[in-house]
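Trainee: when you get a sec, could you give me coordinates for this:
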Amino acid sequence: MPRNERLLAVLALTIAFWELSISCLVLKAESPGTPGADIGRKGVERSMIRRPVALALGSGERLYCANERSGTISVVDLHTGQVQDEFAIGSKISDIALASGRLLALDESRNQVIVLDVAGPRHEPALTIPVPSAPVSLRVSADGSAAFVASLWARSISRVPLSAGRDSVRVETIGLSFAPRGQILFSDRDLLVVADAFGGKIALIDVGHWKLIGVRDLPAHNIRGMCASGNQLVLAHQRLNPGAQTTFDDVHWGNLITNNLRYLSIDRLLGPLDQVLKDGSLYYLGEVGQGAGDPAAVARTGDGTFLVCLGGVDQVAVKARHDSAWTRLATGARPAALVLSPDGRRAFVANTLDDTISVIDIIGRKVVSRISLGPAAPLSVADRGERLFYSSRLTHDGWYSCHSCHTDGHSNGQLNDNFSDGSFGTPKRVLSLRGVRDTAPYAWLGNVPDLETQIRKSVQVTMQGNRPDEKTVSDLAAYLRTLEPTPAVDADKRDQPIVLRGAAVFQEQGCTHCHAGPYYTSPRTYDVGITDEAGNARFNPPSLRGISQTGPYFHDGRAATLEDVFQRYRHELKTELGRDETAALIAYLRRL
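Mentor: Numbering: from 1, shown residues only. A predicted model of the protein is given here:
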């Protein structure tokens, strides 16, 4: 057998084994929980970690709460302020919504929309509908005929008909150039706005004709809250200033990361790209001495009062039109979801990291009660680290958390000028922490030997926080080591021949010298012909696992796409690549 044919055969077997291994891991991960298993009031009394992430307000003072970790739905009687029921429906519940007497839930692990009849006593799933991978948010059309599902790692938005029978559901999907999370529907315009889960992009979808109008790029990241205010879209987000440095002064004065409410005109969003920010406004949350780390869900009452969850500092901020300042109300740990009562007098807030719901009297500006979703299971070391990861209290004055730059353990894709490289004036792209347990040493220069050292340095230097004790360091490190590598964008199985050819190109061009399997990185540093502003020329190669989800590329983000990496910058190529070879190489990388 000729050498090239032997190489392709070996590569085919390697990829087949890799896909089989991933399938087994997925099956193993999906085994907990049985959809439709009704655990009734026993579930309320059972100790577990729930992680509430979404709320839906039903009729008769009934509040439904989606619990991500336990795969359950809690039903709260708002008359009594107690959980009256809890039932298991899946593995990892990411969102819920009510539609025409039915409860819709997303299972992020099983890639499903679950439709439940909540009128009956057992809450049995009436229908499960497959959707693209990692569905994370759900919105329902005004007439209840369709649901819109944002799928994170599949980078897509889907329209799911709700009026069709079990055997006639036809899911329509639009691919996006970014990983989506938040959504808001402007029904009077047939307009769906879909926000970037990590960076600052938003997509505009014409739901009437089911087509992508366009994508707008905003000076923002971590868009975690969206609501309407008349003809304006209101976003709660953060902004990392690449011109600021992680010095005490820039952190203290709120120059490094700002936490914002941004108002955008819908008409401007639909107009020319250079007019998107015109007629809009930007308001700052937080002030010197009192940061407002990690704004999340935002809501507006009928009289114009705004509520914003400040997830990093465990508070909700409230402000009416006539108020001169925001009122801060203490909630539970990491308030992330928010729903208003029909009369706009109360707000219900899901506190993700302590399994409680806060009830807020909006008029009186006070928290009137806090409802426990059930007995809490003991926290593991990694669970304690998760709380620290999302806490802005590690940072001086609470301006930001680890999550602010490493969104949900991934990356906001921005440039940050910190002292990890031993100098200022050299901003570098924020790296993903997913799969970080396998990729020592750390930082772009590869000068940090282990996670614990990197954590100490980040808290003290990047966050300007107090020196962390060893328990804090070990807890955070334990949590980071649980983060799985970023999955690849879904690939069509018909691409297998081109992927095999791309794997051969990867070998032939010597890419494995710096990006060796199984982690597609190396513990060494290399001169790749690029220097930073301080003259550093040797960099530690980031892992290529999940590279399809981690653009832009290089330490300074100069390459917007993988095509740019090879066609524009000819990154470490031994020979000139033709168009077909480049396409094959990129197809292979997108499968890692």
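
Trainee: ends of stretch 519-529, what's the gap?
Mentor: End-to-end distance for stretch 519-529: 23 Å, by Cα to Cα, to the nearest Å.

Trainee: what are the buried residues along it?
Mentor: 519-522, 525, 528 (16 or more other Cβ atoms under 10 Å). Bear in mind the C-beta positions are built from the backbone N, C-alpha and C, glycine included.

Trainee: name the residues that touch it?
Mentor: Stretch 519-529 has contacts (Cβ atoms under 8 Å, 6 or more residues apart in numbering) with 435, 438-441, 445-446, 513-516, 537-545, 571-572, 592.

Trainee: let's see stretch 82-93 as CSV, backbone CA atoms only.
Mentor: In CSV, the C-alpha atoms belonging to stretch 82-93 read as follows (Å, rounded to 0.1, in the frame of the first residue of the first chain):
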residue,chain,number,x,y,z
GLN,A,82,-43.7,27.3,49.4
VAL,A,83,-42.6,24.7,46.8
GLN,A,84,-45.7,22.5,46.3
ASP,A,85,-44.2,20.1,43.7
GLU,A,86,-41.0,19.1,41.9
PHE,A,87,-40.7,16.7,39.0
ALA,A,88,-37.8,15.4,37.0
ILE,A,89,-38.0,15.8,33.2
GLY,A,90,-34.4,15.6,31.8
SER,A,91,-30.7,15.9,32.3
LYS,A,92,-29.7,19.6,32.1
ILE,A,93,-32.7,22.0,31.9
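
Trainee: okay if I get the buried residues of stretch 519-529 as a markdown table plus secondary structure, pLDDT and distance to residue 584?
Mentor: Shown next, in a markdown table, are the buried residues of stretch 519-529 (DSSP: H, G, I helix; E, B strand; the rest coil; pLDDT from 0 to 100; distance: Cβ to Cβ, whole Å):
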| residue | secondary structure | pLDDT | distance to residue 584 |
| --- | --- | --- | --- |
| 519 | coil | 95 | 22 |
| 520 | coil | 95 | 17 |
| 521 | strand | 95 | 22 |
| 522 | coil | 94 | 23 |
| 525 | coil | 95 | 29 |
| 528 | coil | 88 | 22 |
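
Trainee: which of these sits closest to residue 368?
Mentor: The closest of those to residue 368 turns out to be residue 519 (Cβ to Cβ; 50.7 Å).

Trainee: list the contacts of residue 584.
Mentor: By Cβ under 8 Å, 6+ apart, the contact set of residue 584 is 498-499, 501-502, 505.

Trainee: thinking again about what came up before, export the buried residues of stretch 519-529 to JSON lines and tack on distance to residue 59?
Mentor: Compiled in JSON lines, the buried residues of stretch 519-529 are given as follows (distance: Cβ to Cβ, whole Å):
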{"residue": "519", "distance to residue 59": "52"}
{"residue": "520", "distance to residue 59": "52"}
{"residue": "521", "distance to residue 59": "54"}
{"residue": "522", "distance to residue 59": "59"}
{"residue": "525", "distance to residue 59": "62"}
{"residue": "528", "distance to residue 59": "61"}
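
Trainee: among the residues you listed, which one lies nearest to residue 586?
Mentor: When those are compared against residue 586 (criterion: Cβ to Cβ), the nearest one is residue 520, at 14.7 Å.

Trainee: for that closest one, what are phi and psi?
Mentor: Main-chain dihedrals, residue 520, degrees, to the nearest 10: phi 60, psi 40.

Trainee: what of residue 562?
Mentor: The phi/psi pair for residue 562 (degrees, to the nearest 10) is phi -70, psi -30.

Trainee: name the element the closest residue to it other than its chain neighbours belongs to?
Mentor: The shortest distance from residue 562 to any non-neighbouring residue, by Cβ to Cβ, 6 or more residues apart in numbering, is to residue 586 (4.9 Å). Using DSSP states H and E, residue 586 sits within helix 579-589.

Trainee: in the stretch 251-400 of the chain, which spans are helices?
Mentor: Per DSSP state H, counting those that start in this stretch, the stretch 251-400 of the chain carries helices over the ranges 266-269, 381-389.

Trainee: can you check the chain too?
Mentor: 3-30, 40-45, 248-252, 266-269, 381-389, 402-405, 451-457, 470-480, 496-508, 562-563, 579-589 (DSSP state H).

Trainee: buried residues in the fourth one?
Mentor: Of the residues in helix 266-269, those scored as buried under the neighbour-count criterion (16+ other Cβ under 10 Å) are 266, 268-269.

Trainee: lowest-scoring secondary structure element of this protein by mean pLDDT?
Mentor: Here the helix or strand of the chain ranked lowest by mean pLDDT, DSSP states H and E is helix 3-30, holding a mean of 38.

Trainee: re the thing from before, with neighbour count and distance to residue 374 as extra columns, can I get the contacts of residue 584 in JSON lines?
Mentor: Shown next, in JSON lines, are these (neighbours: other Cβ atoms under 10 Å; distance: Cβ to Cβ, whole Å):
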{"residue": "498", "neighbour count": "18", "distance to residue 374": "50"}
{"residue": "499", "neighbour count": "22", "distance to residue 374": "46"}
{"residue": "501", "neighbour count": "19", "distance to residue 374": "53"}
{"residue": "502", "neighbour count": "23", "distance to residue 374": "49"}
{"residue": "505", "neighbour count": "23", "distance to residue 374": "54"}
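
Trainee: quick one: contacts for residue 225?
Mentor: Residue 225 makes contact with 182, 234-237, 295-298, 308-309, according to Cβ under 8 Å, 6+ apart.

Trainee: please name the bridge partners of it.
Mentor: residue 236 (DSSP bridges).

Trainee: quick check: the gap between it and residue 295.
Mentor: 6 Å (Cβ to Cβ, to the nearest Å).

Trainee: which neighbours do those two share?
Mentor: Common neighbours of residue 225 and residue 295 (Cβ under 8 Å, 6+ apart) are 236-237, 308-309.

Trainee: and the residues you listed, which of them are buried?
Mentor: Here, 16+ other Cβ under 10 Å leaves 236-237, 308-309 buried among the shared contacts of residue 225 and residue 295.

Trainee: out of those residues, which two sit at the greatest distance?
Mentor: 237 and 309 (12.7 Å).

Trainee: hey, what's in contact with both of those two?
Mentor: What both residue 237 and residue 309 touch, as defined by Cβ under 8 Å, 6+ apart, is the set 225, 295.
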